[in-house]
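Novice: Here's my sequence, what's the structure:
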Amino acid sequence: MHKGSLLAALAAGLVIAVNATSAVAAERARDLGVPFEGVPGPLNAITDVAGVTVGQVTLIEDLANGRKVRTGVTAILPRGRDSLSTPAYGAWFALNGNGEMTGTAWLDESGQLEGPVMLTNTHSVGVVRDAVIAWRVHAGGADASGYWWSLPVVAETWDGDLNDINGFHVRPEHVDRALDDAKSGPVEEGNVGGGTGMTCHDFKCGIGTASRRVTVADGKYTIGVLVQANYGVRATLRVAGVPVGQELPVKSDGPPAKGDQGSIIIVVATDAPLLPHQLKRVAKRAGLGLARMGSYAGNGSGDIFIAFSTANAAALGGKPLVQSVSIGNDYLDEVFNATVEATEEAIVNAMVAARDMQGTDGHTAQALPHDALVKLLKKYGRWSPPR
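Specialist: All right, here's what the predicted structure looks like:
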């Protein structure tokens, strides 16, 4: 949407709904010279994993009663539309469990992710879950009884500081749109989708993504990560090892620090052939990328991760006897390392892409200032000329 049109729509109090897989030109961490290790895929996004699609609906509205809507929903489909009929091996892990991800009991039991991974705000988990079931039913292909048995995976973080969270503004039609519009290609970051009203390390944050390519036993694979970041305190923030939080502290006249009361959802996708117990190990490694940013997974934080593999599709077609292949455990180190690297970069991308936001009750969130970040990277000898 053109900037002038966007401003006019905001002034009129209209809902802005954005499909966030269209081509975008927002600055990313590498554009500012933030150095990262590893080799990214061509998009440096979760959609570098073939078959993975992402759809996002962003809801921004100024209500007549003075409340402000700053929320949305993000959909990640492991196999695109084929996710309707073919599961993916998957696993999840909670570094700290003050949050919600539905469907995890069956994910543990079966080792299979059946359908999409949905991200939204804390108080919209129920409506999103129900809407996903309805979407699968309406899409057809139900079982012999005429309906889908479905336990969708829906995860949340809290956007109540900026969003009128108790207004329940995420509705089934928004979920349908995110799922129907999910596409491969570039993924928009920052104040979009489920990340619209999120903050991290006391800066505006939201959705971020990154990827890595690895070679394991002569096989070439991709690891992609998408985060909905809403965690952390300012003092511990580090970017590429630079103590940004100490250099850019919260203003003394601002609100007192509340401690780490936010959350982060991390979604890891790969085309590497991995079994559920191996994907559990991969999901755990996302926490190490989070730690590089300065998170200590505080008591009030919900740090919940999920990993899935798009390999072994033939083994997940419901046949009575199936065979799966996997990388040997002794050869997983490159996958683990790539997960850590991509997670770190995805979070930094979420912060860099985010923009200042004024929310409900006069609350505001300032974005990480790009010029100050570049200056600090240079001060600590960590700046890398953008390519």
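Novice: which other helices and strands contact the strand ranked longest in the chain?
Specialist: Secondary structure of the chain per DSSP state E: the longest strand is strand 68-81. Contact partners of strand 68-81 among helices and strands, from 3 or more CB pairs under 8 Å, 6 or more residues apart in numbering; DSSP states H and E: strand 53-62, strand 88-97, strand 117-121, helix 172-180, strand 219-230, strand 263-270. Glycine gets a C-beta too; all of them are placed from N, C-alpha and C.
Novice: what's the angle from that strand to strand 117-121?
Specialist: If you take axes from the mean of the first three to the mean of the last three CA atoms, to 10 degrees, strand 68-81 sits at 180 degrees to strand 117-121.
Novice: now the strands for the stretch 201-350 of the chain?
Specialist: In the stretch 201-350 of the chain, the strands defined using DSSP state E, counting those that start in this stretch lie at 203-204, 207-216, 219-230, 263-270, 302-309.
Novice: Mind listing the residues bridging to Ala91?
Specialist: Taking DSSP bridges as the rule, Ala91 bridges to Ala307.
Novice: repeat for Val153
Specialist: Beta-bridge partners, per DSSP bridges, of Val153: Val117.
Novice: Where does pLDDT dip in the stretch 201-350 of the chain?
Specialist: 252-258 (pLDDT under 70).
Novice: Turn the helices and strands packed on strand 68-81 into TSV, columns for distance to Gln246 and mean neighbour count.
Specialist: Output for these, formatted as TSV (distance: least, CB to CB, whole Å; neighbours: other CB atoms under 10 Å):
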stretch	distance to Gln246	mean neighbour count
strand 53-62	33	25
strand 88-97	23	22
strand 117-121	30	30
helix 172-180	38	21
strand 219-230	20	27
strand 263-270	21	30
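Novice: Between those, which one is closest to Ala354.
Specialist: Set against Ala354 and scored by CB to CB, those come closest in strand 219-230, at 9.1 Å.
Novice: Partner strands of the closest one, with direction?
Specialist: Here strand 219-230 is paired, per DSSP bridges, with strand 207-216 (antiparallel), strand 263-270 (antiparallel).
Novice: by how many degrees do it and strand 302-309 diverge?
Specialist: Going by the same axes, to 10 degrees, strand 219-230 makes 160 degrees with strand 302-309.
Novice: Select, out of the strands paired with strand 219-230, the one closest to Gln366.
Specialist: strand 207-216 (17.3 Å).
Novice: Flag every buried residue along the closest one.
Specialist: By neighbour count on 16 or more other CB atoms under 10 Å, the buried set for strand 207-216 is Ile207, Gly208, Thr209, Ala210, Ser211, Arg212, Arg213, Val214, Val216.
Novice: How about stretch 47-54?
Specialist: For stretch 47-54, by 16+ other CB under 10 Å, it's Thr47, Asp48, Val49, Gly51, Val52, Thr53, Val54.
Novice: so which of the strands paired with strand 219-230 comes closest to Gly140?
Specialist: So among the strands paired with strand 219-230, strand 263-270 is nearest, using CB to CB, at 25.4 Å.
Novice: so who does the nearest residue to His123 once chain neighbours are set aside touch?
Specialist: Once flanking residues are discounted, His123 sits nearest to Ile165: 5.1 Å by CB to CB, 6 or more residues apart in numbering. Listed by CB atoms under 8 Å, 6 or more residues apart in numbering, the contact partners of Ile165 are Thr71, Asn121, Thr122, His123, Trp158, Asp159.
Novice: Then Ile46?
Specialist: Val52, Val54, Ile76, Val187, Thr209, Ser211, Gly224, Val225, Leu226, Val267, Ala269.
Novice: Farthest pair within those?
Specialist: The farthest-apart pair in the contacts of Ile46, when distances are taken by CB to CB, is Ile76 and Ser211, at 13.3 Å.
Novice: Please report how far Glu173 lies from Val128.
Specialist: 12 Å (CB to CB, to the nearest Å).
Novice: let me redo that: Thr71
Specialist: Separation of Thr71 from Val128 (CB to CB): 11 Å.
Novice: Then Pro369?
Specialist: 33 Å.
Novice: Looking at the two now, which is surrounded by more residues?
Specialist: Neighbour count, other CB atoms under 10 Å: between Pro369 and Val128, Val128 has more, with 26 against 13.
Novice: Now do the same contact list for the residue nearest to Thr339 when sequence neighbours are not counted.
Specialist: In space, and not counting its chain neighbours, Thr339 is closest to Arg285: 4.4 Å by CB to CB, 6+ apart. Residues near Arg285 by CB under 8 Å, 6+ apart: Phe336, Thr339, Val340, Thr343.
Novice: From the residues you listed, which land in helices?
Specialist: Phe336, Thr339, Val340, Thr343 (DSSP state H).
Novice: So Phe36 is in contact with Ala346, correct?
Specialist: No - counting by CB atoms under 8 Å, Phe36 sits too far from Ala346 to count as a contact (10.4 Å).
Novice: Now for the nearest residue to Leu179 once chain neighbours are set aside, how many residues are close by?
Specialist: Leaving aside its sequence neighbours, Leu179 sits nearest to Ala75 (CB to CB, 6+ apart; 5.0 Å). Neighbour count for Ala75, taken as other CB under 10 Å: 29.
Novice: mind listing what Ala75 touches?
Specialist: By CB under 8 Å, 6+ apart, Ala75 lies in contact with Val54, Gly55, Gln56, Pro116, Val117, Met118, Leu119, Val175, Ala178, Leu179, Ala182.
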